[in-house]
Structure formats: structure tokens, C-alpha cells
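1. fold the stuff below for me.
(one chain, ligands or ions: 2)
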Amino acid sequence: MTTITLNNGKEFPVVGFGTLYAPSGVVIQAVKDAIDAGYRHIDCAHIYGNEHEVGEAINAKIAEGIVKREDLFIVSKLWSCFHEAKEVKPALEHSLKQLNLDYLDLYLIHWPICYQKSNELCPTNEAGEILYGNTDILDTYRAMEELVDAGLTKSIGISNFNIKQVEHITKNARIQPVTNQVECHPYLLNKKLSDFCKSKNIVITAYAPLGSPARPWATPDDRILLKEPKLLEIAEKHKKTPAQVLIRFQIQLGHVAIPKSVTKDRIISNFDVFNFTLSDSDMNDLQSFGHVERVFTISRDKDHPNYPFNDEEA
Ligand SMILES: NC(=O)C1=CN([C@@H]2O[C@H](COP(=O)(O)OP(=O)(O)OC[C@H]3O[C@@H](n4cnc5c(N)ncnc54)[C@H](OP(=O)(O)O)[C@@H]3O)[C@@H](O)[C@H]2O)C=CC1
Ligand SMILES: O=C1CO[C@H](CO)[C@@H](O)[C@@H]1O
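-> Ligands and ions are numbered 1, 2, ... in the order given. Sure thing, here's the model as predicted:
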């Protein structure tokens, strides 16, 4: 099974290609390698600052005849400075222009907190305090729904929303979100959120499925998911890499995983996860590391009333 059917009937490839921290100059080749390796789902965002290069790679592969546009599932995300209803369509159009595409397959609200409109990704005042906006998230979501009506994106969704926030959207939506893209790996199982989303027919897209080992704020004392002894044991047993086990783990949870790599052999091997099955006991072991750690705390917003991770149980 390489795709999962979304609540609107579209097929969503269960392994996507992450592009955060994929540097300029390197990301073009990485996306080309990913498409050659079989990835059809590419995860992008305005704030990753590389959509123009991701688009260059996608269009090169379309021009080469390796893929058609309709074979691809391209995702981007609305950044928090553009939550005001009238900013939503221009923000999507900007991403489309950068990607040099006519439509997206999926557009997500990246983060459930609104900032003031700005050219800065994270606008602050002279005291360094974030300048929040006051657009209601439902107004933003309604503007997202209009993008589907306009044919600019096939589906819409959310990212980093907690249970209450997902429910607020599902109860009020005209067009249901197809996914909630959240951090998920054995150190952050997000089980309650996953179960809740499943009950609403919303697929979890697991970001940082490998534990984001190269995050810029990592410290030498951090526990490294890819080095967990039990994970290495399971990988050895299946003659697979630890990364392949972590990606397969997400698929067997019913999630979609979006690992990032700019290293050709890893790009290829991370997609080679459809020829083995983790046993129930492997799955249980991967959910029993006894260590809880969120990598993307986005703590700059921790005092905002809409900060999603305060009452979330991992
Ligand atoms: N919605 C949101 O708020 C967020 C979304 N995301 C999305 O999720 C994607 C994945 O998350 P990300 O933080 O990148 O973390 P990942 O868990 O995907 O880890 C990526 C890192 O792991 C390394 N790596 C990849 N494959 C292997 C392998 N087989 N063996 C060993 N190391 C490996 C990569 O190195 P190298 O590249 O050098 O090979 C890179 O440093 C992002 O790229 C982005 O698209 C991420 C964070 C937040
Ligand atoms: O996708 C993301 C990447 O990382 C950022 C933090 O550095 C987040 O703000 C964001 O959600």
C-alpha cells in the first residue's frame, strides 16, 4: 500500500519527501533524486525558503517525462503572517509562483497562531516580543476552503493543531481537513491525537519521523532516536536501516511519513519500505521507549492562548 485514501477520495502517498533545512544549491538535486527514487509526495512550506528550487526540480522531472503533474502530490503551508482572510489566497498564489505550478494538492495552515502581516517570518517589536495578529482561526480556515472552490488546491488541512483545535475546525468546516501534520516518532507518539484524528477520518502526517537528528538546536546530551538500541535490534532483525523501521512504523500506525534527506542513498533507502512488515511485538517495542521528547516545541509562542502543546498528552 503506497497511498492512503483521504476523506475526499484523493489518494495520498504514505511516504513523502520533507524539504525543511534542505539547503539552497543542494535541494534541487535532492528533489530530483527523490522523484527518481519513486517519491510522489513532496512536503514544502513558504517558511522553508526553498520552494523556488523545489519547483525547479519538480518541473525538470515533468519536462524530462519522468512524471506528469497529476502523478505528484505537492503540499505547501500557509505561514502565520498570512492568516487574515484576504491574505490567504495571495499567500497560496505566492507559493504556486515559487513552485511554478498551477495548483497544489494540499495546502495546510502551518501553525494555529496568527502573527501580524509582515515580510519577517516572525515579526517582533523593539522589545523582541512577537507581534500577534487577531484573526480567528475559523476565518482563516474559511478562506482556505475558498481555495478549493477556486481550484487552487485539491485539498486543505492543518498542522500542529491539538485535539481541541482539530475539533473546532471539524465542527465548523464546510470542507473537512484531510490531514493534521504533526510531529510523530517513538519519542512523541501523539496517540490520543492520532486516535482522535482517525475518528474524524483525518490522516496524521508524521513530521520529523526520524526524530529530526540534525535540528539546529540539538545538543550533545540529546538522546538520539536513530541510535536507540531496541530500534537497532529491530532493524538488524529485518535487515533494514533504523530509518526504514521508523518510516515503516508510521505507515503501520496508519500515518503518512515525510522524512527529509539530501543524501542520495538515504533518499533511496527511506523510500524502500514497502517490502517488509513489522510484527505486533516490534510495533509494541517501538511504542515503549519510555522517553518523551518533542523536538519542535515552537516555544516562542508558549504563552499565547492558542499554543497547541500545553494540554496535549504525548
Ligand atoms: N509542519 C511542521 O511544523 C513541520 C514540518 N516538517 C516537515 O517534516 C519533514 C521531516 O522532518 P525533519 O525535521 O526534516 O526531520 P527527519 O526526522 O525527517 O530527519 C531528517 C534528518 O535525518 C537525516 N536522515 C535522513 N535519512 C536518514 C537515514 N536513512 N539515516 C540517517 N539519517 C538520516 C537527514 O540528513 P541528510 O539530509 O543530511 O541526509 C536529516 O538531517 C521536514 O523536512 C518538513 O518537510 C518538519 C518540522 C515541522
Ligand atoms: O515547519 C516548521 C519548521 O521549523 C520551524 C521552527 O524552526 C517551525 O516554526 C515550523 O513549524
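2. tell me the contacts of N125?
-> L131 (Cβ atoms under 8 Å, 6 or more residues apart in numbering). From N, CA and C alone the C-beta is placed, and that goes for glycine too.
3. any idea how far it is from V256?
-> 38 Å (Cβ to Cβ, to the nearest Å).
4. correct me if wrong: N180 contacts F161.
-> Yes - counting by Cβ atoms under 8 Å, F161 is a contact partner of N180 at 5.5 Å.
5. surely K32 meets I62?
-> No - using Cβ under 8 Å, K32 makes no contact with I62, being 11.2 Å away.
6. make sure V88 is actually in contact with Y141.
-> No - applying Cβ under 8 Å, one finds V88 not in contact with Y141, separated by 9.2 Å.
7. how near is the residue in the stretch 1-150 of the chain that ligand 1 sits nearest to to L286?
-> Proximity of the stretch 1-150 of the chain to ligand 1 (Cβ to the nearest ligand atom) peaks at G18, 2.4 Å away. Distance of G18 to L286, computed by Cβ to Cβ: 20 Å.
8. same check on D303?
-> 34 Å.
9. looking at those two, which has the bigger crowd around it?
-> When neighbours are counted by other Cβ atoms under 10 Å, D303 and L286 differ, and L286 comes out ahead with 23 against 10.
10. what sits against the more buried one?
-> P186, K230, L231, I234, V245, L246, F249, L278.
11. report the buried members of those residues.
-> Buried by 16 or more other Cβ atoms under 10 Å: P186, L231, I234, V245, L246, F249, L278, out of the contacts of L286.
12. so which of the residues you listed is the closest to ligand 1?
-> Using Cβ to the nearest ligand atom, those come closest to ligand 1 at L246, 7.9 Å.
13. tell me the spacing between the closest one and P259.
-> L246 is 8 Å from P259, by Cβ to Cβ.
14. what do these two both touch?
-> With Cβ under 8 Å, 6+ apart, L246 and P259 have common neighbours P209, L210.
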